[in-house]
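**Q** generate coordinates for the sequence data below:
(one chain, ligands or ions: 1)
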Amino acid sequence: MALELNGISVRYGAVEAVSDVDLAVGDGEVVALLGPSGCGKSTLLRAVAGLEQPSAGVVAWDGVDVAGTPVHRRGFGLVFQDGQLFPHRDVAGNVAFGLRMRREPREVRRARVDELLELVGLGGYQRRKVTELSGGEQQRVALARALAPRPRLLLLDEPLSALDRALRESLAVDLARLLREAGATALVVTHDHDEAFTLADRVAVMRAGRIRQVGPPSLVWRSPVDVEVARFLGCGKVLGAEAARRLLGVPARVGLRATALRVDPDGPLSAEVLERVHRRDHVRLLVRLVGAGSEPGADAAAAAGEAGAEQVGPDQAGADQAGAGVDRSGATGVPGFGGVADEFEAVAPVAAPPAPGDRVRLAVDHDGIAVIG
Ligand SMILES: Nc1ncnc2c1ncn2[C@@H]1O[C@H](COP(=O)(O)OP(=O)(O)OP(=O)(O)O)[C@@H](O)[C@H]1O
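**A** Alright, predicted model coming up:
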């Protein structure tokens, strides 16, 4: 492993911002630190950079503790949210900065600057003033500047979050390609799961100073380790194992994203639309389940509280029942479907979406369901 963090804690006075973090980043691997605001992501990154002193633990590179190595000698490249370019230098002057510090000859500098600007899609921008670039262009220059000296590790702190949404999404794809082409080993801080999943080979989800789960994006997305991680990853509703088995045919505690239920005239569930919100590419509904099961007229609400209400939900004959005993602690949607437990998010197409008060049929999209734990 190239970078290894063992038992890293960082304190700001009485506050422990990072607690006992273990994490490894392999050669050529991109790992995203993902978590809500204030969970300690930036502090951990700064500790790796040498900008914060850990109160405990070891930051090692290729097995060697870097505690005694000052920031500028660690061979790590840094990119922050706002780029922090030198305003009095032109684009080439910014990108060449690290090479100049290393006293690389002028010709070497020029060739490397040209190469990096091509790589970040800014060929020909050498003499442009950085103050006259767009936010997205400035971040590309910052990235080129960080990559120019061939850092052994790239540390990116919310590199795209100052940009507007559309630009952020397209630059995230570019950045993912760039990191792969440059063969970079990188640790990227972000609070945006789309961005983390676009960029990273592995995602480390942080909460309250600790890493709660590390894994490939698809695994973390499909199998969050606990309810909080599931909620952070967009699961607005959590069902206990028994409810999930009866409603969805999944015998485990699950988190549902809005896309888990979608309007489909042939769907097995029946619901009443309570609210409707238009989003970019779909319509988001709040619905109350009023009927379920493959037979029209089966009434989930009426079944509420009835012990053994096995007729609720898709036909479960032959389904694996073992999950019914799964721990349901923390589940907010419970078997019985009474009151707010009946309310779910769902999606509908933009064309002719249903309105509040309408009855709709819903189909289950298993890509919108995460199995928890
Ligand atoms: N210089 C500091 N002095 C004191 N407390 C700090 C300092 N920097 C951060 N903290 C605190 O440490 C905790 C972690 O902060 P940190 O900036 O690492 O979180 P983060 O996950 O990166 O959040 P964000 O996404 O909002 O930047 C927070 O409670 C924060 O208030």
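
**Q** switch to C-alpha atoms for all contacts and neighbour counts from now on
**A** Will do.

**Q** what does this structure have sitting close to the ligand?
**A** Applying CA under 6 Å from any ligand atom, one finds that the chain approaches the ligand through 12, 17, 36-43, 191.

**Q** most neighbours among these, which one?
**A** residue 41 (31 neighbours; other CA atoms under 10 Å).

**Q** verify the contact between it and residue 35 for me.
**A** Yes - if you go by CA atoms under 8 Å, residue 41 and residue 35 touch, sitting 7.1 Å apart.

**Q** so where is the stretch 251-373 of the chain shaky, pLDDT-wise?
**A** Residues of the stretch 251-373 of the chain meeting the criterion pLDDT under 70: 291-341.

**Q** can we see that at 50?
**A** Along the stretch 251-373 of the chain, the model assigns pLDDT under 50 to residues 292-339.

**Q** just the strands from it, written as ranges.
**A** 254-256, 261-263, 269-278, 283-291, 343-348, 359-364, 369-371 (DSSP state E, counting those that start in this stretch).

**Q** so how far is the third one from its chain's centroid?
**A** Centroid separation for strand 269-278 versus its chain: 27 Å, with CA atoms, centre = their mean, to the nearest Å.

**Q** what comes up buried for it?
**A** Neighbour counts over strand 269-278 (16 or more other CA atoms under 10 Å) mark 269-274, 276 as buried.

**Q** other SSEs contacting that strand?
**A** Packed against strand 269-278 by the contact rule (3 or more CA pairs under 8 Å, 6 or more residues apart in numbering; DSSP states H and E) you find strand 283-291, strand 359-364.

**Q** strands paired with that strand, and their directions?
**A** The sheet places strand 269-278 alongside strand 283-291 (antiparallel), strand 359-364 (antiparallel), with pairing taken from DSSP bridges.

**Q** need those in CSV (columns: mean neighbour count and distance to residue 258).
**A** Shown next, in CSV, are these (neighbours: other CA atoms under 10 Å; distance: least, CA to CA, whole Å):
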stretch, mean neighbour count, distance to residue 258
strand 283-291, 23, 7
strand 359-364, 20, 11
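
**Q** check the gap between residue 271 and the ligand for me.
**A** For residue 271, the distance to the ligand (CA to the nearest ligand atom, to the nearest Å) stands at 38 Å.

**Q** columns distance to residue 255 on top of the strands paired with strand 269-278, output as a markdown table?
**A** Listed next are the strands paired with strand 269-278 as a markdown table, based on distance: least, CA to CA, whole Å:
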| stretch | distance to residue 255 |
| --- | --- |
| strand 283-291 | 16 |
| strand 359-364 | 13 |
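
**Q** quick one, which of those is nearest to residue 136?
**A** With CA to CA as the measure, strand 283-291 is the member of the strands paired with strand 269-278 nearest residue 136 (29.8 Å).
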